[in-house]
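1. any chance you can model this:
(3 chains)
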Amino acid sequence: MANMVNLKINDIPLKVSEDTTLLEAAKMLNIKVPTLCQHPDLLLAGNCRICVVEVKGSRTLQASCCTPVRDGMDVFTNTQMVRRSRRHTLSLLLSEHNNDCVRCYKNGNCELQALAMEYGIEGETFIDISGDTAIDMSSPSIMKDDSKCIKCQRCVRTCQELQQVSALAVAHKGNSIKLTTFMEKPLHFVVCTNCGQCVNRCPTGALIEKSYISEVWNALDDPAKHVVVQTAPAVRVALGETLGYDPGERVTGKMVTALRRLGFDSVFDTNFTADLTIMEEGTELLMRLKSALADKNPAALPQFTSCSPGWIKYIEHEFPDILDYLSTCKSPQQMFGAIAKTYYAQKSGIDPKDIIVVSVMPCTAKKFEANRPEMNSSGYQDVDYVITTRELGRMIREAGIDFKELEAGECDSLLGKHTGAAVIFGATGGVMEAALRTAYEIITGREVPFDNLNITPVRGMEGVREATIKIEGCVPDWSFLEGAELKVAIAHGLSNARKVTKQVAEGKSPYHFIEIMACPGGCIGGGGQPIPTSLDIRQLRMDAIYNEDGDLPLRKSHENPEITRIYSDFLGKPLSHKSHELLHTHYTKRKW
Amino acid sequence: MSTIEAIVKATVAKNGSSRENLLPILQEISKEAGFLSEEAMSAVAKALNISRADVYGVATFYSFLDTKPRGLNVIRICKTISCYMHSKDAVVRAIEEKLRIKIGETTPDNKFTLVHTNCIGQCHEGPAMLINDDVYTKLTPEKAISAIEKYI
Amino acid sequence: MDIDKKKKIEQYSKKVDLIFQDCEIKPLVDKILNMKPNEIINTITDSGLKGRGGAGFPTGLKWKGAADTFSDIKYVICNADEGEPGTFKDRQILQDKAMKVFIGMTACAKAIGAKEGFIYIRGEYNYLLPKLEKELGEFNRILKDKGFDFNIKIRSGSGAYVCGEETSLIESMEGKRGEPRNKPPFPVKQGYLNMPTVVNNVETLVYTVMVLRDGPDEFKKLGTKDSRGAKVFCVSGDAAIQGIFELELGMPLQEFVDLFGDGHTKAVQVGGSSGHCVPYKKFGETVIGFEGIPTGGSMMLFNSSRSMYHVLHNYLEFFEEESCGQCVPCRVGTQQLLKGIEAVKKGEKPASYLNELIKLAETMRVSAKCGLGQSVSNPFISIVDNFREEIIF
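-> Numbering: from 1, shown residues only, chains lettered A, B, ... in the order given. Next comes the predicted model:
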């Protein structure tokens, strides 16, 4: 047990454990100390010097974020020296910054701007040393504007520590320092997975998503076009944060109404194709298990899920030799696009060339995914534009929609009806749980043996989770699985993905099925979600996902009547020729 | 295996492939190959199991490691105060005239790169310069030229 | 040059000759290896020896800090990254008396319980390596013969002044960018590879050897109460005689200028670019030492022909480039100070802007992450305060 320490902050006595930082100790006394380079998800840096405080007896000010408490410390957070230091630090940052806030994407949600406002930086300017830098627009997902970078290194720490992709690093030193890629190549030409976790943690507008808002407005304005929209499950539990709600509030109904008000011709739901993904991927897994265990043929086991495009690009770069282990299923977003321009086009009698598919995603990598050259099985680009949760919030505000006052709406059924199993795709462990609810029932004819279908062992925020499901009482078709122990694993965040994938690459994996999400928390923590992010915020969004699942009348993908319909009317059966054509894909080996 | 890959393989084998060995490895490659190319840094990253961006970040931190090609001989002339006070500018001008390049440039025959550097610890005998690892002090324009001529 | 002056300097030099004197290697190693660890530490502490690299931390206290930290693995690192402008003594010591440095490292190893040592020597001194490696080979063999498990290796820098800062040096040795770490934890608790590490300057290590050989009282005969012992000074600039001189600490600056100046000295930069610029009118009241103005050895003299604007400009350019860049006060502050004095000189900013810059320098002194950023205020404020007209006009 840690020792306790007595100290004073602003003359207020306090007793805390010795591993507390001054910043944390101040928070316990409701004293706010400003920060910039600090982020709850990342290890400490202590380089911005905004959080400095005065400690009696010390010649220098101390960075409170990384200074541990000591017995007898006498700390002051608001002395003249501290205030002057903070104002100077802010003014220095502003002198090397592109201060065109009015035209910046992060206007109103920028930590530097907020601090400048709080500290009243007026007329306190140094000489302008902000240079002219070109914006890196090479990536379909992320835009990098070095003129707005404050060199806090949060993006580098996110990419190196949190995701262990390390596409970004700190280069040069002194007045030439920059946060950049290998050889300062454009983002699109390095190992960036487009996961957007850096965007989530950038305090300014230096890293933002590539916006497609104007393209979407153009499409909506074009009377010749039939614009359909799909929304991912993670959007509905976070969209509210861009419109004045607290994290974790479900705004599904209002979201649908808002989309109609924006002018979309059909409002559908990615959850429909999430259910479809379960049918295809579940069957695919069962086929691989049959091949290995019944037919005694080699099969690519464990099977990796394939709905996270950041994960896909990651494995393509880092483990290009084991791509066969990935499910060949497209992601729900991409299945939707293909189905919209074929099945829906047929059913509605609309020429697919006039259908524009817009998807609203909690994700930046989805923008990359939609533009992958192979994603055109409909004969057109299956998904035309992807906008993030943040971009949708922006469009709603721009349209003058009073979101809070909207009535709840229902999405259109054909490609919109969904089950709770689809909704939980938004949380880490959700795809696994949805797959198990269906696969188990196919194999045994019974529901999964968990209270209320809630397979809690696969849920949670732990980086790598595993579970073993005993298969007993199989129906005749699946009798070869009698007594088998299905071992599954779930990993979220690419650093955890690395651990599990490395095991597979080394031939040492004990699992049959592995769900991988590139983002911490799964899609609810995606690179396109509202900023800021933290473990607490992601937990609230996750809770909302499972609550939404629990409230839905149908909770197993195979029970979705529209799914039954699409198979009987169009696809035939899972893994049919047509399914393969439209719903399955291949991957690309990439160099690093 | 290309020449660079062979050089990297040899120096990693000699120094070890832990992260702590990165700087000696980069120094040796720099010495043998003249600078740290994209290929070299990629090979080092692979050998040490770290990212290429990371290697680039370390390499660019150090003034004596170049990630851009440089001449066979690098002339580094000190510009810090003591050398500056003892007329290093005259020495620089003489060298620039002799080699027909300006500070920061490389001769067309790739024999010499001329750069400024900060204090090299020869302050009582300035102006001073390094040509590769060799030190030349008490420079006058004439002494500097004759030093350079040894490398032509 | 003045014969009298030369004679006088020779007289002073003879007074103290600890660093460059010859000594018997093997008997000294024997003596030290036969001492107990706390005997070694107490002797060093008693002597009052403080770090000679510029920071001036009490050496005994540093060795004790590492000795008291429990760990199977500990390290001794000799900081030979000598980069402070105007400093060139460590180069000379390594050239002439490297063995004494190795012995100092061995004493530290014995005191704290380290089995591995490193000498981190700046890349600009690569030409010393052939001789140094040969001598080190001999020394490592001597230790092996005596059965003492301590081996020293050499590591080179590659052109980064900031790597003279101990945590930056450690980062560099770990194969990373030389960006200083947060302190605490201090290197004696968590240093190289997170193990207890002592980082000592070249000169400091040689003094530890002399203290252990002659006893602390001999050392205390030199210097003052707060600045025990002697120090190697590096004289350059407008000096009648430039070079390396070992002198007692605590000397009044006027005496120093009388010795080394060319008769027209108007300022002395004590402590290199990151030190204080003392104007002639303050020579009398300034003492060279920890109680006055400390220095890592660099003493640069400027005569009345020099423009202090150019001097300050040169320093600020140096810091702007050599800053590691991670913390705001230093990265941006150094640029603002440089651009600021340029703007005042050109008339783009009023002279009163210098007062704003002084406030900025004061902020840098207390809020920068490491000694580099914290020290920029030293030359800035001392030059602007004492030579304001030269900065403006």
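2. the nearest residue to residue A:552 once chain neighbours are set aside and chain C, how far apart?
-> In this structure, residue A:552 finds its nearest non-sequential neighbour in residue A:420, 4.1 Å apart by C-beta to C-beta, 6 or more residues apart in numbering or on different chains. Just so you know, the C-beta spots here come from the backbone N, C-alpha and C atoms, and that holds for glycine as well. Going from residue A:420 to chain C by C-beta to the nearest C-beta, to the nearest Å gives 47 Å.
3. list the contacts for the residue nearest the centre of chain B?
-> The centre of chain B sits closest to residue B:64, judged by C-alpha atoms, centre = their mean, with a distance of 4.7 Å. Residues near residue B:64 by C-beta atoms under 8 Å, 6 or more residues apart in numbering or on different chains: B:30, C:123-124, C:158-159.
4. so how many other residues sit close to residue C:232?
-> Summarising burial for residue C:232: neighbours were counted as other C-beta atoms under 10 Å in any protein chain shown, giving 25.
5. and which of the contacts of residue B:64 is nearest chain A?
-> Closest to chain A out of the contacts of residue B:64 is residue C:159 (10.3 Å), distances taken as C-beta to the nearest C-beta.
6. the worst-scoring helix or strand of chain B on mean pLDDT near chain C at all?
-> Every helix and strand of chain B was ranked by mean pLDDT, DSSP states H and E. The lowest is helix B:81-85, at a mean of 93. Yes: Helix B:81-85 comes into contact with chain C (C-beta under 8 Å from any C-beta of the partner chain), by way of B:81-82, B:84-85.
7. flag every residue of the stretch 201-350 of chain C that's near chain A.
-> Counting by C-beta under 8 Å from any C-beta, the stretch 201-350 of chain C sits next to chain A at C:320-329, C:331-336, C:339-340, C:343, C:349.
8. who's in contact with whichever residue of the stretch 451-592 of chain A sits closest to chain B?
-> Distances between the stretch 451-592 of chain A and chain B by C-beta to the nearest C-beta are smallest at residue A:592, namely 6.8 Å. Contact analysis of residue A:592 by C-beta under 8 Å, 6+ apart lists A:191, A:317-318, B:42, B:52.
9. same list (the residues of helix B:81-85 next to chain C) but as JSON lines, adding distance to residue C:316 and neighbour count.
-> Output for the residues of helix B:81-85 next to chain C, formatted as JSON lines (distance: C-beta to C-beta, whole Å; neighbours: other C-beta atoms under 10 Å in any protein chain shown):
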{"residue": "B:81", "distance to residue C:316": "11", "neighbour count": "29"}
{"residue": "B:82", "distance to residue C:316": "16", "neighbour count": "30"}
{"residue": "B:84", "distance to residue C:316": "13", "neighbour count": "18"}
{"residue": "B:85", "distance to residue C:316": "16", "neighbour count": "23"}
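10. quickly check those for the two that are furthest apart.
-> The distance between the two most remote of those (C-beta to C-beta) is 7.1 Å, for B:82 and B:84.
11. does any part of stretch C:176-193 sit near chain B?
-> Yes: using C-beta under 8 Å from any C-beta, stretch C:176-193 reaches chain B at C:176-178, C:193.
12. three-state assignment of the residue nearest to the centre of chain B?
-> Using DSSP: H, G, I helix; E, B strand; the rest coil, the structure places residue B:64 in coil.
13. now it: how far from residue B:116?
-> The gap separating residue B:64 from residue B:116 is 13 Å, by C-beta to C-beta, to the nearest Å.
14. quick check on the contacts of residue A:592: which are buried?
-> A:191, A:317-318, B:42, B:52 (16 or more other C-beta atoms under 10 Å in any protein chain shown).
15. how many residues are close by residue C:345?
-> So residue C:345, with other C-beta under 10 Å, has 15 neighbours.
16. backbone torsions only: list them for it.
-> With angles defined as degrees, to the nearest 10, residue C:345 sits at phi -60, psi -40.
17. ok, it - contacts?
-> Neighbouring residues of residue C:345 by C-beta under 8 Å, 6+ apart: C:309, C:391-392.
18. hmm, back to that, quick check: the farthest pair among the buried ones among the contacts of residue A:592?
-> That would be A:318 and B:42, which, of these, are the farthest apart (C-beta to C-beta) at 14.3 Å.
19. isn't residue B:124 right next to residue C:87, touching?
-> No: between residue B:124 and residue C:87 there is no contact under C-beta atoms under 8 Å: 10.3 Å.
20. with neighbour numbers in mind, choose between these two.
-> residue C:87 (30 against 22).
21. count the residues that sit near the residue nearest to the more buried one when sequence neighbours are not counted.
-> Leaving aside its sequence neighbours, residue C:87 sits nearest to residue C:298 (C-beta to C-beta, 6+ apart; 4.4 Å). Here the count is done by other C-beta under 10 Å, and residue C:298 has 28 residues near it.
22. before we move on, the earlier item: which one (most neighbours) among the contacts of residue B:64?
-> Most surrounded of these: other C-beta under 10 Å gives residue C:124, at 29 neighbours.
23. that one: what secondary structure?
-> Classified using three-state DSSP, residue C:124 is helix.
24. isn't it up against residue C:161?
-> No: at 10.3 Å, residue C:124 does not count as touching residue C:161 under the criterion of C-beta under 8 Å.
25. what is the burial count for residue 185?
-> Going with chain A. 18.
26. not what I meant, chain C
-> Counted with other C-beta under 10 Å, residues neighbouring residue C:185 total 15.
27. do the one 10 residues further on as well
-> Using other C-beta under 10 Å as the criterion, residue C:195 is surrounded by 18 other residues.
28. over to residue C:328?
-> A count of nearby residues for residue C:328, using other C-beta under 10 Å, gives 29.
29. how about residue A:588, nearest residue that isn't a chain neighbour?
-> Per C-beta to C-beta, 6+ apart, closest to residue A:588 is residue A:316, 5.6 Å.
30. who's in contact with the one you found?
-> A:323, A:587-590.
31. which parts of chain B are helices?
-> Applying DSSP state H to chain B gives helices spanning B:3-15, B:22-33, B:38-48, B:52-61, B:81-85, B:88-99, B:141-149.
32. now the stretch 51-200 of chain C against chain A: closest residue?
-> Counting by C-beta to the nearest C-beta, the stretch 51-200 of chain C gets nearest chain A through residue C:182, at 4.5 Å.
33. the contacts of residue B:64 into TSV, with extra columns for distance to chain A?
-> Shown next, in TSV, are the contacts of residue B:64 (distance: C-beta to the nearest C-beta, whole Å):
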residue	distance to chain A
B:30	16
C:123	15
C:124	17
C:158	12
C:159	10
